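**Q** this one's sequence-less:
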């Protein structure tokens, strides 16, 4: 899968260091591409999320000053952010409050190394299964779309339009970055034009100059994309 982004949020520096060390050990041992960021309070994490940062997995302490782990999680869920949450606490008296924010796991301090390893890999497996969703943000709201429902992405100025079977969504982005993301996840999207990235599974027919999709839409094929389109499309058909 693509780069796994992980946040560690705990006001206890030795704990954040311990978690990061264990993650780096897993990274080297299991050859998992990951990137970690450390926050010492919920407020700084929430601010970063508001600025558009996204994390697949968040290790979150419950008892922190200013904004504790419960309030931090409530903020994340209010923004429809689907990050997996693994709570870390020296106390187990918060289960009722945790239930409403859908934590993935709860881990007690001091941290049991085997349990940490097991929980990480359970989270990693779930994130891999969820990689068939495209996640994007617009006006501080996050959405997940099944990749199978996406017909094509369209670049229009600074905006990206996501054309699905039933509707169209808009967000700020770059088509080049979406193409890289699609390739990393093996979504079988094909660039046919400077402005269009299409889902190959929705191709109904194609010619040198045009490609028709399952909804009846016809899109132009840019001259510099013609050869790569046919080559990649027929390769996908062979792999089915």
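**A** Nice, thanks for sending it over. Please read all numbers here as calculations on a predicted model, not as lab measurements.
**Q** residues near the closest residue to residue 214 other than its chain neighbours, how many?
**A** Leaving aside its sequence neighbours, residue 214 sits nearest to residue 202 (C-beta to C-beta, 6 or more residues apart in numbering; 4.4 Å). All C-beta atoms are positioned from the backbone trio N, CA, C, and that covers glycine. The local packing of residue 202 (other C-beta atoms under 10 Å) involves 19 other residues.
**Q** repeat for residue 214
**A** Neighbours of residue 214 using other C-beta under 10 Å come to 12.
**Q** what's the pLDDT at it?
**A** Confidence at residue 214, expressed as pLDDT, is 87.
**Q** Extract the residue ranges of the protein that are flagged as low pLDDT.
**A** 1-2, 80, 91-101, 130-131, 140, 237-240 (pLDDT under 70).
**Q** Show me how it divides into domains.
**A** The record assigns the chain these domain ranges, following automatic domain parsing: 4-132, 139-239.
**Q** quick one: terminal-to-terminal distance for stretch 157-168?
**A** 16 Å (C-alpha to C-alpha, to the nearest Å).
**Q** How far does it sit from its chain's centre?
**A** Stretch 157-168 sits 18 Å away from the centroid of its parent chain (C-alpha atoms, centre = their mean, to the nearest Å).
**Q** Pull out the buried residues from it.
**A** 160, 162-164 (16 or more other C-beta atoms under 10 Å).
**Q** Equivalent analysis for stretch 14-23, please.
**A** 15-16, 18-20, 23.
**Q** repeat for stretch 218-230
**A** 219, 221, 225, 229.
**Q** try stretch 204-211
**A** 206, 211.
**Q** ok, residues contacting that stretch?
**A** 192, 198, 203, 212-214, 218-221, 226, 229-230, 233 (C-beta atoms under 8 Å, 6 or more residues apart in numbering).
**Q** try it again with 7 Å
**A** By C-beta atoms under 7 Å, 6 or more residues apart in numbering, the residues outside stretch 204-211 that reach it are 192, 198, 203, 212-214, 218-221, 226, 233.
**Q** Report the distance from that stretch to the chain centre.
**A** 31 Å.
**Q** Number the residues from 232 up from this point.
**A** Got it, first residue is 232 now, which makes that one stretch 435-442.
**Q** and the end-to-end length of it?
**A** With C-alpha to C-alpha, one end of stretch 435-442 sits 8 Å from the other.
**Q** which element is residue 391 on?
**A** According to DSSP states H and E, residue 391 maps onto strand 390-395.
**Q** Tell me the helices and strands packed up against that strand.
**A** In terms of contacts (3 or more C-beta pairs under 7 Å, 6 or more residues apart in numbering; DSSP states H and E), strand 390-395 is packed against strand 381-387, strand 399-403.
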